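**Q** with the sequence up front, the predicted model follows.
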Amino acid sequence: EKRDKRFQIFSTAEQVTCDKQGRITLSAKVIRHAELKSTIVLAGGGQRFEIWYPKAWEQRKAELGKDSPSTLEEMGI
């Protein structure tokens, strides 16, 4: 089940590279999907980060709530 969830999440990920000034270019598909405008939120996720529209990120944070100590232990944190 965990493997399927990881696949579901990461199968839509896109790999990007930085230009000489450290910038990345996002595809139009990603921009539309994330409903990105002029302001974005970069949310860290260990070795990766996610790009969010600010209002959507606030909703997601509210859904996540607070992690319990057992959840953090399961993650190795």
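**A** Looks like it came in fine. Quick caveat: nothing in here was measured; it's all calculated off a predicted structure.
**Q** any low-confidence regions in this structure?
**A** 66-72, 77 (pLDDT under 70).
**Q** in it, which spans are strands?
**A** Using DSSP state E, the strands of the chain run over 41-45, 48-52.
**Q** and those strands, which is most packed in?
**A** Ranked by mean neighbour count, those are led by strand 48-52 with a mean of 13 (mean count of other Cβ atoms under 10 Å). No exception for glycine: its C-beta is placed from N, CA and C like everyone else's.
**Q** please name the nearest non-neighbouring residue to the residue nearest to the spatial centre of the chain.
**A** The centre of the chain sits closest to E50, judged by Cα atoms, centre = their mean, with a distance of 2.4 Å. Ranked by Cβ to Cβ, 6 or more residues apart in numbering and with sequence neighbours excluded, the top spatial neighbour of E50 is A43, at 4.7 Å.
**Q** list the contacts for that neighbour?
**A** Taking Cβ atoms under 8 Å, 6 or more residues apart in numbering, we find A43 in contact with F49, E50, I51, W52, W57.
**Q** for the chain, longest helix please?
**A** helix 54-64 (DSSP state H).
**Q** what helices and strands are in contact with it?
**A** If you count contacts as 3 or more Cβ pairs under 8 Å, 6 or more residues apart in numbering; DSSP states H and E, helix 54-64 packs onto strand 41-45.
**Q** now the strand it packs on against strand 48-52, angle please.
**A** Put simply, strand 41-45 runs at 150 degrees to strand 48-52, going by axes from the mean of the first three to the mean of the last three Cα atoms, to 10 degrees.
**Q** so what strands line up beside strand 41-45?
**A** strand 48-52 (antiparallel) (DSSP bridges).
**Q** with only the CA atoms kept, save the strand it pairs with in CSV.
**A** The C-alpha coordinates for strand 48-52 follow below in CSV (Å, rounded to 0.1, in the frame of the first residue of the first chain):
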residue,chain,number,x,y,z
ARG,A,48,13.0,17.7,-2.3
PHE,A,49,10.6,20.6,-2.2
GLU,A,50,7.1,21.3,-3.4
ILE,A,51,5.8,24.4,-5.1
TRP,A,52,2.4,25.6,-3.9
